[in-house]
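> Next come a sequence and a model predicted from it.
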Amino acid sequence: LLRMSGVEAISKTVRKSTSSRRLDILDVAGGTGDVAFRFVEVANCVERSKSSGEDPVTITVCDINPSMLEVGEQRARKRFGNDILQNTKSLSFVEGNAQRLPFADNQFDLYTIAFGLRNVTDVDEAILEAKRVLRPGGKMMILEFSKVTNDTFRAIYDFYSFNIIPQIGETVANDRSSYQYLVESIRKFSDQESLEARMQKQGFLETKYTNFTGGIVAIHEGYKPLES
């Protein structure tokens, strides 16, 4: 996700620019900060926080769960210090619903959501909201479980998912139902072609997907039209 986003190179260009150019990233359903922290690191936001003034590169974490956001902010302060949140404001945490994001139109250059879209009640509404908050030409990236492409591998993966994973949940966490839900939610979610079609239906252009681990997970990409 990080490599394909191009954030490292773009952030360097933005900071060298003498214009008012910015790079604003929104990570949705990223409450505890795992994805956002990687963006902070590749964009060199910690080093920039040692200087005065607000950083033209920002990462906003948005999640519907305030408890997760609190954990994420605590982790961020422990890992990066306070300046990145309070002075340069490179990193922030905002409570919000993916279907009704609390942001203005055309506010972000990159929208990411990792393993969160399948848990949204209305996936199409969330995709449309992503387009709304992106600037013209902005990019949406979805990292999500998908459909295994090889028949033999899929049979093995299905057996492991439906028989082994719930048992692990029961043995280790005494919570079989949550692990069963995880498996079932993955199977019910759109496959690669279907999710790409949903992005296209909501107006995203130049859509594509890249499979990883034989299709267990995939990254979908698409761009908001320059005129929208």
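Yes, it's here. Because the structure is predicted, anything quoted here is derived from the model rather than measured.
> Quick check: what element follows the longest strand along the chain along the chain?
Longest strand in the chain, counting residues (DSSP state E): strand 134-145. Once strand 134-145 ends, the next helix or strand along the chain (criterion: DSSP states H and E) is helix 151-159.
> buried residues in that next one?
Of the residues in helix 151-159, those buried under the neighbour-count criterion (16 or more other C-beta atoms under 10 Å) are residue 157. The way it works is simple: take the backbone N, C-alpha and C, and place the C-beta from them, glycine included.
> How far off centre is the helix ranked longest in the chain?
Across the chain, the longest stretch assigned as helix under DSSP state H is helix 66-80. Put simply, helix 66-80 sits 17 Å off its chain's centre (C-alpha atoms, centre = their mean, to the nearest Å).
> For it, name the packing helices and strands.
Counting contacts by 3 or more C-beta pairs under 8 Å, 6 or more residues apart in numbering; DSSP states H and E, helix 66-80 packs against helix 34-42, strand 57-63, helix 83-86, strand 91-95.
> how far off strand 91-95 does it point, in degrees?
On the basis of axes from the mean of the first three to the mean of the last three C-alpha atoms, to 10 degrees, helix 66-80 is oriented at 170 degrees to strand 91-95.
> Return the set of buried residues in helix 66-80.
By neighbour count on 16+ other C-beta under 10 Å, the buried set for helix 66-80 is 68-69, 72-73, 76, 80.
> what angle sits between it and strand 57-63?
150 degrees.
> can you list contacts of helix 66-80?
Residues outside helix 66-80 that contact it (C-beta atoms under 8 Å, 6 or more residues apart in numbering) are 30-33, 36-37, 40, 45-46, 49, 61, 63, 84-85, 91, 93-95.
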